[in-house]
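K.L.:
I would like the atomic coordinates for the input below:
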Amino acid sequence: MTEKESLEKEFYKYLTFGPLDGEAYRFNIKMPPVRLPEAMEEKLSDDQRADLVDGAMTEALEMFVEELMQNYPWITGWETEGRSGGWLVINTPWSVVGHDGRILAENDPQESPKDWSPLSYKEARKRLADLWKIDHEVRDAKRMLLDDMKTQAFWGAEKYWKRS
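P.N.:
A predicted model of the protein is given here:
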């Protein structure tokens, strides 16, 4: 397998359909079911629990993506997709991979339509390294959020934790 084929295979792990003038990469942000502390089971309704969890997840995702956009200037937008929003999709106008799945070569006009901004192989390797880092950051952020959801502070007042 050539270096180019190897890079293309790695990009395919993240690549999804994006804006017409660029690319999009997706990351799994699905969370396992959140287990409510036993003492809270009877204190919060299903709706209250869902509101707490959804609010925390939304806030955490927005803060996470804001940080990503500061750390990776090539990210120009984001959205979630999937039936329950379980995929984070980040967008960029700078294409690395063409519609046929091949890496766009900077100096090959046959591989890159005039309106695309293809990256060099060096930049493609850098983009892939960024995608790997983001993938790890997503996993770490999910783990931290789940850990936070195990704390008394997350679920509310201390009184709920004391059995009456």
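
K.L.:
show the contacting residues for residue 10.
P.N.:
residue 128 (C-beta atoms under 8 Å, 6 or more residues apart in numbering). Bear in mind the C-beta positions are built from the backbone N, C-alpha and C, glycine included.

K.L.:
wait, residue 64 sits on residue 141?
P.N.:
Yes. If you go by C-beta atoms under 8 Å, residue 64 and residue 141 touch, sitting 5.1 Å apart.

K.L.:
return the set of buried residues in the lowest-mean-pLDDT helix or strand in the chain.
P.N.:
For the chain, counting by mean pLDDT, DSSP states H and E, helix 38-41 ranks last in confidence among helices and strands (a mean of 70). The neighbour-count check on helix 38-41 (16 or more other C-beta atoms under 10 Å) flags residue 40 as buried.

K.L.:
so after that helix, what's the next helix or strand?
P.N.:
Counting by DSSP states H and E, the next helix or strand C-terminal to helix 38-41 is helix 46-71.

K.L.:
low-confidence ranges in this structure?
P.N.:
Counting by pLDDT under 70, the ranges of the chain that qualify are 4, 17-22, 39, 97-120, 156-164.

K.L.:
which other helices and strands contact the top helix by length along it?
P.N.:
The helix spanning the most residues in the chain, taking DSSP state H as the definition, is helix 121-148. Judged by 3 or more C-beta pairs under 8 Å, 6 or more residues apart in numbering; DSSP states H and E, helix 121-148 is in contact with helix 3-11, strand 23-28, helix 46-71.

K.L.:
more neighbours, residue 64 and residue 141?
P.N.:
Shown here are residue 64 and residue 141; by other C-beta atoms under 10 Å, residue 64 has more neighbours (21 against 18).
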